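J.: could you look at this predicted model? Sequence included:
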Amino acid sequence: MTPTPSSTTDQAIGDTVDFVAGSARLTVRRAYCKGCKLCLDACPAAILVLDEEDLVTVTDINQCTFCGLCAARCPDFVFVLTPHSSTGLGQEGPG
Ligand code: SF4
Ligand code: SF4
C-alpha cells in the first residue's frame, strides 16, 4: 500500500504504527488489536478501518481531531495519543 503523501508520516516499528499530522501523533499498537471494531463506530471522523489482517489502521490521519474516543473505547489499549503541544513542553527526537 502506498503511504499517504504530504504532511502525513506513517512510521512503522514492528506492529506499532505512528500516524503523524503536524506535531500530533496517533500511535497504533496493532499487535494488541483483536478486530472487535468498537473503535470504528466510535471515531467521529470515520478514519478507522480493519485491514486485510483484521487489524485496525488509519485511512487519513489528517482528518483526525485527536478527540481520544478511539483510545477511550478500545478495551485493549491499542491507541496512544500525543496531541499538539501548545505549551512547547512536548519534545520528540531520535533520543
Ligand atoms: S482520536 Fe478521534 S478522530 Fe482520531 S482516530 Fe481516534 S476517534 Fe478518530
Ligand atoms: S477497539 Fe481496539 S481491539 Fe477493537 S478493533 Fe479497535 S483497535 Fe482493535
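T.: Everything's here; your move. Ligands and ions are numbered 1, 2, ... in the order given.
J.: looking at this protein, which helix or strand is least sure?
T.: strand 8-13 (a mean of 66; mean pLDDT, DSSP states H and E).
J.: after it comes which helix or strand?
T.: strand 16-21 (DSSP states H and E).
J.: close to ligand 1, is that next one?
T.: No: taking Cβ under 6 Å from any ligand atom as the criterion, strand 16-21 and ligand 1 are apart, separated by no less than 8.3 Å. All C-beta atoms are positioned from the backbone trio N, CA, C, and that covers glycine.
J.: that strand vs ligand 2: in contact?
T.: No: Strand 16-21 stays clear of ligand 2 (Cβ under 6 Å from any ligand atom), getting no nearer than 11.7 Å.
J.: tell me where this protein is predicted with low confidence.
T.: By pLDDT under 70, the low-scoring segments of the chain are 1-9, 12-14, 85-95.
J.: helix, strand, or coil at the residue nearest the centre of it?
T.: In the chain, the residue lying closest to the centroid (Cα atoms, centre = their mean) is residue 26, at 3.5 Å. At residue 26 the chain is in strand, as set by DSSP: H, G, I helix; E, B strand; the rest coil.
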